[in-house]
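Trainee: Everything below, folded, please.
(2 chains)
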Amino acid sequence: MGGLPAGPVEPSEHDYAHWEKRVDALMVLLSAPERRLLRVDELRRNIESLRPDAYDAMSYYERWIAAITRVLLERGVITSDELGRRIEAVKAREVKA
Amino acid sequence: MSAPDAVAPQFQAGDAVRVRFADPPGHIRTPWYIRGQAGVIERLCGTYGNPEELAFNRPGTPRQPLYRVRFRQSQVWPDYRGAATDTVDIEIFQHWLEPGDT
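Mentor: Below is the predicted model:
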């Protein structure tokens, strides 16, 4: 990464979790020409702006959803307050289930 | 007169170039390890919106010519152990390139 020393490349295919496919779909839908609520360049900027420890700790699609979230906040598509409240609601639902 | 939508290509295949050694803030697609290096234009890929602008949801104009530039691995990496003829191709926008020594 960026010319820094790294481990070996793991070339094997793996199955994607359902949530990972949903993140991919979200990216496709948001960046569609008729909507263009997100550009891939904005996604990359936000992925590369992650703190190094966060970048290393996150998986590929975790980085994507973190970056998508930031773009949607920057663009005013969602607000921090509604996102925060929604996360709390989902957490509460998970605890009950 | 309004600014042109696209910058005209300044280089062609075979031209010697040098990547600018610069470290501006923002979203830069030119890899750090290739800044300041000398290479040769392999081809003009086309003219595209400037990702440094698109990254901030701006129009990306004027669009910039994008080149595939070829570098010698042994020049890029001081401790390179592969063949002296090994090369690496990197796609770089024109505003990061200057004419090189021929």
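
Trainee: how about the residues of chain A near chain B?
Mentor: A:2, A:3, A:39, A:41, A:42, A:44, A:45, A:48, A:74, A:75 (C-beta under 8 Å from any C-beta of the partner chain). Bear in mind the C-beta positions are built from the backbone N, C-alpha and C, glycine included.

Trainee: Just the buried ones among those residues, please.
Mentor: A:39, A:41, A:42, A:44, A:45 (16 or more other C-beta atoms under 10 Å in any protein chain shown).

Trainee: need the helices for chain B, in chain order.
Mentor: B:51-54, B:73-76 (DSSP state H).

Trainee: okay, the ones you listed in TSV with mean pLDDT next?
Mentor: As requested, these are arranged in TSV below (pLDDT from 0 to 100):
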stretch	mean pLDDT
helix B:51-54	97
helix B:73-76	96
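
Trainee: for these, which one sits closest to chain A?
Mentor: Proximity to chain A, assessed across these by C-beta to the nearest C-beta, is greatest for helix B:51-54 (3.8 Å).

Trainee: circling back to that earlier point, narrow the buried ones among the residues of chain A next to chain B to those in helices?
Mentor: A:41, A:42, A:44, A:45.

Trainee: was I right about the third one contacting residue B:27?
Mentor: Yes. Residue A:44 is in contact with residue B:27 according to C-beta atoms under 8 Å; the separation is 6.8 Å.
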